[in-house]
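Engineer: below are the sequence and a predicted model for it; my questions follow.
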Amino acid sequence: MIGDGASGSIGGNDIYNNAMAGVVVTGADTAPQIRSNRIRDGHSDGISVRAGAGGLIIENTISRNKGEPILCESGTSPDIVGNIIQ
């Protein structure tokens with residue numbers, strides 16, 4: 001989970017078989033870069049953006065999650081570019 005105004009990055013990871021979303025971004029002014037990850041086989045959403053968060057979601061491969069590949073709640077503003085959804 002990335003929150004409380006964080007702006008770091010997550011990249012090059014294999015994120016799989018999670019009980020919750022693979023990556024959760026939450027909170028106003030939270031704007032991380034999520035780049036070049038493989039997010040797969042989870043039991044919820046691949047990436048979940050909540051509670052006014054933003055950031056950059058770029059060049060990830062998101063596959064076989066039981067929820068949405070990328071869930072953006074109302075009031076969020078991520079830039080989503082060049083992801084592969086399978």
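Structural biologist: All right, it came through fine. Numbering: from 1, shown residues only.
Engineer: which residues of the protein fall in strands?
Structural biologist: Per DSSP state E, the chain has strands spanning 2-3, 9-11, 14-16, 23-26, 33-35, 38-40, 47-50, 56-58, 61-63, 70-72, 79-81, 84-85. These are given in chain order.
Engineer: buried residues of the fifth one, list them for me.
Structural biologist: Think strand 33-35. Within strand 33-35, the residues scored as buried using 16 or more other CB atoms under 10 Å are I34, R35. C-beta coordinates here come from the backbone N, C-alpha and C atoms, glycine included.
Engineer: what's next to it, contact-wise?
Structural biologist: Outside of strand 33-35, the residues within contact range by CB atoms under 8 Å, 6 or more residues apart in numbering are 8-12, 23, 25, 47, 55-60.
Engineer: returning to that earlier point: mean pLDDT added to the strands of the chain, as JSON lines?
Structural biologist: JSON lines is the format used below for these (pLDDT from 0 to 100):
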{"stretch": "strand 2-3", "mean pLDDT": "90"}
{"stretch": "strand 9-11", "mean pLDDT": "96"}
{"stretch": "strand 14-16", "mean pLDDT": "98"}
{"stretch": "strand 23-26", "mean pLDDT": "97"}
{"stretch": "strand 33-35", "mean pLDDT": "98"}
{"stretch": "strand 38-40", "mean pLDDT": "98"}
{"stretch": "strand 47-50", "mean pLDDT": "97"}
{"stretch": "strand 56-58", "mean pLDDT": "98"}
{"stretch": "strand 61-63", "mean pLDDT": "98"}
{"stretch": "strand 70-72", "mean pLDDT": "97"}
{"stretch": "strand 79-81", "mean pLDDT": "98"}
{"stretch": "strand 84-85", "mean pLDDT": "98"}
